[in-house]
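**Student:** predicted model follows, preceded by the sequence.
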Amino acid sequence: MNLDATIWRRLAVYLPGLFVAAFVQTLPNLSSALISPDLLFLFPLLAGLWTGGYDGFVTGMVAGFLRDYMAGRGYGMGMLAGMFIGLIAGLVASEGWQQYALRGSILVVVTTWLDEMIMSFLTWLLPMGDFRTPLGLIWKIALSRSPAKLLSNIIGALVLTGYMSIAFYRRKSKREKDDGIGDVRGGESLA
Amino acid sequence: MKRRVPRVMVIVIVTVALLALFILTALPGTTRSRLGDFFGNIFDPLTTAFNKAIDGVGGFFTAVRDNRDLKIRIGELEDEVGRLNREIVDNKEKVKAYEELKEALNLVTRFDDSKVLGSVVLNESLGPYHDLMRIKAGRKHGLDASVISYPVVDRHSALVGRVHSSETYSSKVLPLLHEAFSVSARVDGSYRSTFRVRGDVLLREQGLCLGDNIPEGTPLKVGDLIVTSGEGGIFPGGIPIGEVVSLQSSEDGKIVTCSIKPTCDFDSLSYVFVIVENEHES
């Protein structure tokens, strides 16, 4: 682990990252051109995986707020979802690229699917108009959309992983090289 | 190494606070509006600046390439200017005749008595639950969706949706394909019977909306243009909604519902128009 990553460095990585993710997601015609990755959903997940602890939790709330602000029916649910996603990612964070890839891919798949189902459930629970579509139908549609959403989110996760590996990059010291320890990932250890 | 794990109490308190926030803002009213107002002052200028920056960078690279093409086009346009000047003289006479006819027959053209407000689309919907659009026009521009909703149309005057909630500098728009959207409609050219057009979760996946509550004997066939009827108080009459792509009939052959492909191209929607006042329906 890169234990030198101070709070300032993490802030310097997360703040611009979050805002660029939000702005990219708001680019006109991007979302309709293809099923684009939900960067604001993925960001806290990967932040949690990279640095553990509160980082995913906090970035999840910020990213969730941005989602709520931009297109949400109300405030709070996006934040809550983001917070828990970041929290789970922080809890399962582990050292090493192999573990990151394994746990990360499982998390992306499971949480993407869960987010889609929970948000669909909320649209059924809190209908905006007079029509209440059957929950089964809403979930069926969500399920049919899942494969494309999953694929795009996996691609998005790879892009964000690239961003974080560059942002948290640090050279190994001679001792680390000799001992074969050290990791390019940033933040503090959960292990 | 010390393990940094969020404490359970922090998580519980934040969760309860967010649930309270959710309940407060789920209902339309001041809480949602105040939150949106406060953060809108920060985010909306940032979004606009970002979009401008993207346009600026893109514009720089295309400017060089376009310059060469423009030189060729200028030559062609010079010829066209001469031709158009002659047409203008002809058309002036036609416009004069039209105005005289309009006055004589007391004709009202679409949105004559309305203030039409142009607005940039800040973002489209992001997925289930986050399924509203945001546009850069808010209470500062005269939109107050807490009192009345406003129709939103595209540059071809085709229906986009209606304003859902407005904040200081921006507003959220409920799109035509959203399941909570409904509008009274009729077949273009027919004034006999009106029916309802609304969003449907299943059809939305195909980019279609649903026509239902169709009275018996409504002259409806595939390819018909559906327009707003003007009933209901929000939408003026005659706004194009879409084209009928399929009809669903009951066992006894009566048309029950129809699928409509919106005229508005939601895939390339970057600028919309809000009809702010509508004192006179055509």
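**Tutor:** It's in. Numbering: from 1, shown residues only, chains lettered A, B, ... in the order given.
**Student:** packing partners of the helix or strand encompassing residue B:60?
**Tutor:** Under the criterion of DSSP states H and E, residue B:60 resides in helix B:30-105. With contacts taken as 3 or more C-beta pairs under 8 Å, 6 or more residues apart in numbering or on different chains; DSSP states H and E, helix B:30-105 sits against helix A:7-26, helix A:54-71, helix B:8-26, strand B:116-123, strand B:159-166. Every C-beta, even on glycine, is put in place using the N, C-alpha and C of the backbone.
**Student:** again, 7 Å this time
**Tutor:** helix A:7-26, helix A:54-71, helix B:8-26 (3 or more C-beta pairs under 7 Å, 6 or more residues apart in numbering or on different chains; DSSP states H and E).
**Student:** quick one: mean pLDDT over it.
**Tutor:** The average pLDDT for helix B:30-105 rounds to 78.
**Student:** residues from the stretch 101-250 of chain B in reach of chain A?
**Tutor:** B:121-132, B:134, B:179-180, B:182, B:201-202, B:205 (C-beta under 7 Å from any C-beta of the partner chain).
**Student:** mind doing that once more with 8 Å?
**Tutor:** Residues of the stretch 101-250 of chain B lying close to chain A (C-beta under 8 Å from any C-beta of the partner chain) are B:121-134, B:164, B:172, B:174, B:178-182, B:198, B:200-202, B:205.
**Student:** filter those residues to the buried ones?
**Tutor:** By neighbour count, with 16 or more other C-beta atoms under 10 Å in any protein chain shown, those hold B:121-134, B:164, B:172, B:174, B:178-182, B:198, B:200-201 as buried.
**Student:** re the thing from before, for residue A:86, which of the helices and strands packed on helix B:30-105 is the nearest?
**Tutor:** Nearest to residue A:86, of all those, is helix A:54-71, at 2.8 Å by C-beta to C-beta.
**Student:** what is the end-to-end distance of stretch B:134-146?
**Tutor:** 16 Å (C-alpha to C-alpha, to the nearest Å).
**Student:** tell me the buried residues in that stretch?
**Tutor:** Neighbour-count burial for stretch B:134-146 [16+ other C-beta under 10 Å]: B:134, B:135, B:136, B:137, B:138, B:139, B:141, B:143, B:145.
**Student:** where does the chain have its least confident helix or strand?
**Tutor:** Unless you meant another one, I'm taking chain A. helix A:30-33 (a mean of 52; mean pLDDT, DSSP states H and E).
**Student:** oops, chain B please
**Tutor:** helix B:30-105 (a mean of 78).
**Student:** can you state the direction angle for that helix and strand B:116-123?
**Tutor:** Orientation of helix B:30-105 against strand B:116-123 (axes from the mean of the first three to the mean of the last three C-alpha atoms, to 10 degrees) gives an angle of 140 degrees.
**Student:** where along chain A do the strands fall?
**Tutor:** Using DSSP state E, no strands are found in chain A.
**Student:** which residue is nearest the middle of it?
**Tutor:** residue A:42 (2.2 Å; C-alpha atoms, centre = their mean).
**Student:** low-confidence ranges, chain B, go.
**Tutor:** Scanning chain B with the threshold set as pLDDT under 70 gives B:1-6, B:27-33, B:101-113, B:278-282.
**Student:** can you give me the helices in the stretch 101-250 of chain B?
**Tutor:** B:201-204 (DSSP state H, counting those that start in this stretch).
**Student:** ok, back up a step: starting at the chain centroid, how far to the helix holding residue B:60?
**Tutor:** 18 Å (C-alpha atoms, centre = their mean, to the nearest Å).
**Student:** just want the angle from that helix to strand B:159-166.
**Tutor:** 140 degrees.
**Student:** show me which residues of the longest helix seen in chain A are buried.
**Tutor:** Assignment by DSSP state H gives helix A:135-167 as the longest helix of chain A. The neighbour-count check on helix A:135-167 (16+ other C-beta under 10 Å) flags A:138, A:141-142, A:145-146, A:149-150, A:152-154, A:156-157, A:160-161, A:163-164, A:167 as buried.
**Student:** list the contacts for residue A:76?
**Tutor:** A:68, B:18, B:19, B:20, B:21, B:22, B:23, B:25 (C-beta atoms under 8 Å, 6 or more residues apart in numbering or on different chains).
**Student:** please name the nearest non-neighbouring residue to residue 134.
**Tutor:** Using chain A. residue A:124 (8.0 Å; C-beta to C-beta, 6 or more residues apart in numbering or on different chains).
**Student:** oops, I was thinking of chain B
**Tutor:** Nearest to residue B:134 is residue B:122, by C-beta to C-beta, 6+ apart, at 4.3 Å.
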